[in-house]
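Chemist: with the input below, show me the fold.
(chains A and B)
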Amino acid sequence: MEEIFQSVCKTVFYPVLSPLFTPIDHALRLLPDGAASVCGVGLFVTAMAWVGLFLNKDYVNRGRPYKSIWTDLRLWTVISMTPHVIVYFYFR
Amino acid sequence: MEQYIGLHFIDVIIIFVYMAGSLLLGVYCTRFVGSAEDFFIAGKALPFWAIGFSIVTSDIGATDLVAVGGAAYKHGVSAANFDWMGSMPAMVIAAFVFVPYFWRSGVFTIPEFLGRRYNTAVQFINGLIWAVVLFFMLAIMQWLSADKLMGTVLGWNPYLTLWITAGITGIYTFSGGLTAVVFTDVVQLIVMYVGGFGLLALSLWEVGGWSALQEKILAMGPQYKDHFTLLLPHDTTGPFPWTGIVFGLGLVMAVAYMSGNQVIVQRTLGARSEWDAKGGMLFGGLLKAFIPLMVALPGLCAIILVPQLGAENADRAVPEMIRLLMPAGLRGLMFAALFAAMMSHISATLNSTTTIFITDIIGQLRNWFGKAPLAEKTALGMGRVITAALIISTALLAEPIANREQIYVFMQTILSLFQGPLLAILLLGIVWRRATGYGGLAGLVLGVAFCFVLKYTPGLFPSEEPFLFVAWWSFVFALIVTVVVSLLTKPEPEEKLRGMVWSSVVLDEDAQEALKERVAP
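Modeler: Have a look, this model is predicted:
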């Protein structure tokens, strides 16, 4: 059953999809080595910046038990993501 | 190499004391269950720390712990991407985009939320997909843990192990619902951490520290040159190219998993406040970051200490390190940690599957056949009956379902086959008010069909196991289909959208209140 489905897909869909995916694959192969680290670390930094700088402060902390810097979820976001940034920078 | 790892009498006592303790704690939680809300979402009383602990243990099973160690032995630190890149960014997005919606709307399940935003067909199809997948996962995780882990490593009878663990987890999930699941999860993660960090400390001590580990592995030959690189080249022959990890895992699979997987999200639905729901997600992400240290690093140390294992036996890396390094008592604690992971994973999946059956399948069928919604007591009773039926049926079917080659890869692939489309409709439903019921339905159904086409059309992607690319491109495809079909169909009435679209809820207090007041259509 699986083989039949695979053979149908190869005949029907490969000619349509291959011209779409092959150029993308070639373009990705041309990217410099540093692109992986930039994208990886960038994902963490962008998420931190989004929560810390762009989201409404009241929305982020709605329902907090008391007003203290330690209950500010923007700080929690930075604290929980920073070790990841260090790790991805170290193992680049 | 010895076939089985021998346990001292004291180790066996520790494992059984631990299991009996879990059972007692779980049964004790029965006193907090008086209604369906108590059973399914812990009466909305969970603090952030319990949610964080529970998210991690629900996500990490015993076989995952062993598999990550084995993958680190084989592929190096890139195996840790699933707990780092595949968790924290997604958990931040889940915490601040999806969780507030689910929590405020008072739903029990994600399909129920989709039903309110789109239509009941989307709810039913999504619920059915999750129920079937979770049923198979439940059977597979029971058999893999009992046979492939405890059977092949300890030499224990897999049937006996399966029925003991199914009995214990079934009883406390049946009795105490989500409260029992979450509070046993807290204890289980502490046991996992004590055992895991003990193994890490002994492993690093044995190889001479971190610098010595790096030097020794890199000196073993060119095949180990990428063992200390997290993001591998796009054209790597291994299963973790950086493009798949960042786009497929980080942006799609992980976000879909953390925002659309009932097993994970159900903990936040039981939060005592919106802040606890969000904080629980973030705290869970931080706790989860330590998991690779506990298993991936011992897996790397095993390259030095048990080089005779070879790539084909890589999954034995962690058990072999336990046998080699841990004295009696600590070894029992480490195996108790593996049992902890196994039981918490099973109980979490069991409770979530029951919730989906009651809310999205039985509830929706009753709705379509014109019957009244289930009464509170009936829903609670039926929830318990389904819990018992699920654990017994999956234990009975565990071997025939799971005893086949490549089943683990098969399940991961199945998961990747609908997470992209699910995320696409979930995301558009929240951020784009023009998304319609027909758009969501078309995006889900055609998106899943497109996943199968990508999976079964050979030669499209460089990787031999292209599930990360399948997840990414099916997400893009479902996004386009949902947008196009939505634009071609009639917009949803304003009343239906009130409080359901992110931009308005973030800025508008009235819209926030509207979300709380919403009732099922």
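Chemist: make it CA atoms for all contacts and neighbour counts henceforth
Modeler: OK.
Chemist: from chain B, how far out is A:Pro65?
Modeler: 8 Å (CA to the nearest CA, to the nearest Å).
Chemist: okay, that residue and B:Asp276: tell me how far apart.
Modeler: 9 Å (CA to CA, to the nearest Å).
Chemist: what about those two, which has more around it?
Modeler: Taking neighbours as other CA atoms under 10 Å in any protein chain shown, A:Pro65 and B:Asp276 compare with B:Asp276 leading, 28 against 11.
Chemist: touching, the more buried one and B:Phe48? I think so.
Modeler: Yes. Counting by CA atoms under 8 Å, B:Asp276 does reach B:Phe48; the two are 4.4 Å apart.
Chemist: for B:Ser22, helix, strand, or coil?
Modeler: helix (DSSP: H, G, I helix; E, B strand; the rest coil).
Chemist: which residues are in contact with the nearest residue in space to it that is not next to it in sequence?
Modeler: Excluding the flanking residues, the one nearest B:Ser22 by CA to CA, 6 or more residues apart in numbering or on different chains is B:Thr184, at 6.0 Å. When contacts are counted by CA atoms under 8 Å, 6 or more residues apart in numbering or on different chains, B:Thr184 touches B:Ser22, B:Leu25, B:Gly26, B:Ser344.
Chemist: pLDDT added to these, as CSV?
Modeler: Listed next are the contacts of B:Thr184 as CSV, based on pLDDT from 0 to 100:
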residue, pLDDT
B:Ser22, 81
B:Leu25, 83
B:Gly26, 80
B:Ser344, 77
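Chemist: per-residue confidence for the residue nearest to B:Glu274 when sequence neighbours are not counted?
Modeler: With sequence-adjacent residues excluded and distances taken as CA to CA, 6+ apart, B:Glu274 is closest to A:Gly63, at 5.6 Å. The per-residue pLDDT reported for A:Gly63 equals 84.
Chemist: separation between A:Gly63 and A:Phe54?
Modeler: Look at A:Gly63 and A:Phe54: by CA to CA, they are 19 Å apart.
Chemist: the more surrounded of the two?
Modeler: Each of A:Gly63 and A:Phe54 has its neighbours counted (other CA under 10 Å); A:Gly63 has more, 15 against 9.
Chemist: hmm, B:Arg267 is touching B:Ser54, no?
Modeler: Yes. Between B:Arg267 and B:Ser54 there is a contact at 7.2 Å, judged by CA under 8 Å.
Chemist: shared neighbours of those two, which are they?
Modeler: Among the neighbours of B:Arg267, those also in contact with B:Ser54 (CA under 8 Å, 6+ apart) are B:Val182.
Chemist: confirm B:Pro327 sits in a helix?
Modeler: No. Assigned with three-state DSSP, B:Pro327 falls outside any helix and is coil.
Chemist: quick one: pLDDT of it?
Modeler: pLDDT recorded at B:Pro327 is 85.
Chemist: ditto for B:Ser145
Modeler: According to the prediction, B:Ser145 has pLDDT 78.
Chemist: please apply the same query to the one 5 residues further on.
Modeler: At B:Met150, the pLDDT value in this model is 76.
Chemist: out of everything not next to it in sequence, what's closest to it?
Modeler: Using CA to CA, 6+ apart and skipping the chain neighbours, the partner closest in space to B:Met150 is B:Trp156 (6.0 Å).
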